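Trainee: mind folding the following:
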Amino acid sequence: MAGKGRIKIAIAGVGNCASSLLQGIEYYRKKENADTIGLMHLDLGGYLPYDIEVAAAFDIDRRKIGKDVSEAIFSLPNCTTAFCPDVPKTGVEVKIGRVLDGCSEHLTSYPEDCRFLPVEGEGATKEDVVNILQNSGAEILINYMPVGSEEAARFYAGCALEAGCAFINSMPVFIASDPEWAKRFEEKNLPIIGDDIKSQLGATIVHRTLADLFKKRGVKVERTYQLNTGGNTDFLNMLNRNRLKSKKTSKTEAVQSVLAERLDNENIHVGPSDYVPWQKDNKVCFLRMEGKLFGDVPMNLELRLSVEDSPNSAGVVIDAIRCCKLALDREKGGILYQPSAYFMKHPPKQYPDDEAYRMIEEFISGNQ
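Mentor: Residues are numbered from 1 along each chain as shown. Below you'll find the predicted structure:
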């Protein structure tokens with residue numbers, strides 16, 4: 001089964017999420033249309049998952065720089081499941097990125113096999129990154145920086161603008177949902193999708209779905225929490241609570257936005273809770289919702305969700321990439337509201353998930 005053309009992407013941050021994305025592209029290439037388990041769309045606007053190819057990649061871990069991307073995605077500290085371990089060589093070498101705040105200082109007290117080993121110095125300049133993007137022919141830059149990398153996220157967003165690339169902001173620094181950044185992408189007529197990728201079946205989408213169910217069934221939510229633990233580099237990185245502000249805002253607002261009534265801050269807690277090394281890329285969510293039923297009778301719900309964290313987002317990113325490509329084909333720049341609403345936790349405008357689903361289908365068909 002053939003798609004209608006190639007989609008060239010660049011990746012900033014060759015971590016577990018990038019590993020799952022590139023493994024997934026190869027996995028579905030081998031399966032073609034025989035088995036589409038795990039995909040929301042096999043054919044999205046004429047583009048197939050395996051139409052995506054990596055044209056450039058950046059990282060700051062010296063164990064990855066200089067390696068072919070196919071090898072770097074399995075290099076430490078990456079620890080996600082190797083569900084497609086035989087990714088062929090791409091001919092694309094991982095280049096040094098800009099260090100900035102991409103690596104938290106507290107990581108130095110942990111073993112080398114579970115943390116970054118950053119290069120010495122500041123890394124690449126903006127001119128270096130822009131030149132690589134332009135020379136590679138990349139059409140879309142995906143931001144896979146660690147949580148809390150505020151400066152690094154803005155650096156790569158600026159590089160995308162200068163290089164003429166569309167931008168997918170998969171992490172919780174507010175770029176698409178910042179009016180100033182959104183205006184810059186609109187002025188350049190470059191598509192942007194953001195912010196903070198929503199997993200295929202992760203803690204946030206489950207929490208939102210339950211909150212919406214409570215609302216539709218007339219159940220009053222009084223208190224709720226979502227506690228998440230994991231053992232990958234991102235959870236280790238998030239032990240520095242100073243890096244968590246935007247992540248907690250993103251995840252909390254994703255739930256608040258679908259409640260019948262917003263909860264006071266003391267009655268809602270949503271966010272990463274702890275780092276458990278042996279969990280590796282497995283993420284465990286403990287979710288509790290307390291409320292009142294008919295006659296003010298109290299009830300509570302408790303749920304435990306265990307998922308491999310990075311593959312859980314890769315299928316969503318595959319769709320986001322293809323939606324970005326459709327926008328480029330249609331010469332549509334600025335915020336892509338429909339993909340952002342369906343794929344992201346903190347889009348510029350929140351919609352209920354069933355409405356966002358309708359919107360994304362209309363976008364794909366060209367009706368929006």
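Trainee: can you pull the contacts of Pro348?
Mentor: With contacts defined as CB atoms under 8 Å, 6 or more residues apart in numbering, Pro348 is in contact with 176-177, 182, 335, 337, 340. In short, each C-beta sits where N, CA and C put it, glycine included.
Trainee: repeat that for Lys247.
Mentor: 147-148, 172, 196, 238, 271-272.
Trainee: what pLDDT does it get?
Mentor: In this model, Lys247 is scored at 93, pLDDT.
Trainee: doesn't it lie inside a helix?
Mentor: Yes: under DSSP: H, G, I helix; E, B strand; the rest coil, Lys247 sits within a helix.
Trainee: for Ser149, see how far away it is.
Mentor: 11 Å (CB to CB, to the nearest Å).
Trainee: same question for Asn16.
Mentor: 15 Å.
Trainee: ditto for Phe116
Mentor: 11 Å.
Trainee: does Ala10 sit in a helix or strand, and which one?
Mentor: Following DSSP states H and E, one finds Ala10 within strand 7-12.
Trainee: quick one: contacts of stretch 324-342?
Mentor: 7, 44-45, 47, 139-140, 166, 168, 176, 182, 185-186, 188-195, 198, 319-320, 323, 347-351, 353, 355-357, 359-360, 362-364, 366, 368.
Trainee: tell me which residues touch Pro298, please.
Mentor: 290-292.
Trainee: what about Leu263, neighbour count?
Mentor: By other CB atoms under 10 Å, 17 other residues sit near Leu263.
Trainee: my guess is it contacts Tyr225. True?
Mentor: No: judged on CB atoms under 8 Å, Leu263 makes no contact with Tyr225 at a distance of 10.7 Å.
Trainee: what ranges do the helices span in the chain?
Mentor: Using DSSP state H, the helices of the chain run over 16-31, 69-72, 126-136, 150-163, 179-187, 203-216, 233-237, 245-256, 311-329, 337-343, 353-365.
Trainee: in the longest one, what's buried?
Mentor: Taking 16 or more other CB atoms under 10 Å as the basis for neighbour counts, the residues of helix 311-329 that come out buried are 311-328.
Trainee: OK, contacts around Gly158?
Mentor: So Gly158 contacts Lys126 (CB under 8 Å, 6+ apart).
Trainee: mind running it again at 10 Å?
Mentor: 126, 129-130, 167, 175, 181, 184 (CB atoms under 10 Å, 6 or more residues apart in numbering).
Trainee: go on, Leu133?
Mentor: 10, 12, 55-56, 58, 139, 141, 156, 159-160, 162-165.
Trainee: which of the residues you listed sits closest to Lys30?
Mentor: Each of these was checked against Lys30 using CB to CB; the closest is Ala55, at 21.5 Å.
Trainee: next, count neighbours for the closest one.
Mentor: 23.
Trainee: I figured it hits Ile140, correct?
Mentor: Yes: shown here, Ala55 and Ile140 form a contact pair, counting by CB atoms under 10 Å, at 9.4 Å.
Trainee: any shared contact partners between these two?
Mentor: Common contacts of Ala55 and Ile140 (CB under 10 Å, 6+ apart): 7-11.
Trainee: how about stretch 330-340 as CSV, C-alpha atoms only?
Mentor: Presented in CSV, the C-alpha positions along stretch 330-340 are these (Å, rounded to 0.1, in the frame of the first residue of the first chain):
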residue,chain,number,x,y,z
ARG,A,330,-2.9,23.2,1.9
GLU,A,331,-0.6,26.2,2.6
LYS,A,332,-2.3,26.7,6.0
GLY,A,333,0.0,28.2,8.7
GLY,A,334,-0.4,29.3,12.3
ILE,A,335,-2.1,27.3,15.0
LEU,A,336,-3.8,24.1,13.9
TYR,A,337,-6.7,24.2,16.4
GLN,A,338,-8.3,20.9,15.5
PRO,A,339,-5.2,18.7,15.8
SER,A,340,-4.1,20.6,18.9
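Trainee: which of the residues in it are buried?
Mentor: Applying 16+ other CB under 10 Å to stretch 330-340 flags 333-340 as buried.
Trainee: and for stretch 69-79?
Mentor: 69-70, 72-79.
Trainee: please tabulate the residues you listed in JSON lines, including the columns pLDDT and distance to Gly102.
Mentor: As requested, the buried residues of stretch 69-79 are exported to JSON lines (pLDDT from 0 to 100; distance: CB to CB, whole Å):
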{"residue": "Val69", "pLDDT": "98", "distance to Gly102": "18"}
{"residue": "Ser70", "pLDDT": "98", "distance to Gly102": "22"}
{"residue": "Ala72", "pLDDT": "98", "distance to Gly102": "16"}
{"residue": "Ile73", "pLDDT": "98", "distance to Gly102": "17"}
{"residue": "Phe74", "pLDDT": "98", "distance to Gly102": "20"}
{"residue": "Ser75", "pLDDT": "98", "distance to Gly102": "16"}
{"residue": "Leu76", "pLDDT": "98", "distance to Gly102": "16"}
{"residue": "Pro77", "pLDDT": "97", "distance to Gly102": "13"}
{"residue": "Asn78", "pLDDT": "98", "distance to Gly102": "15"}
{"residue": "Cys79", "pLDDT": "98", "distance to Gly102": "18"}
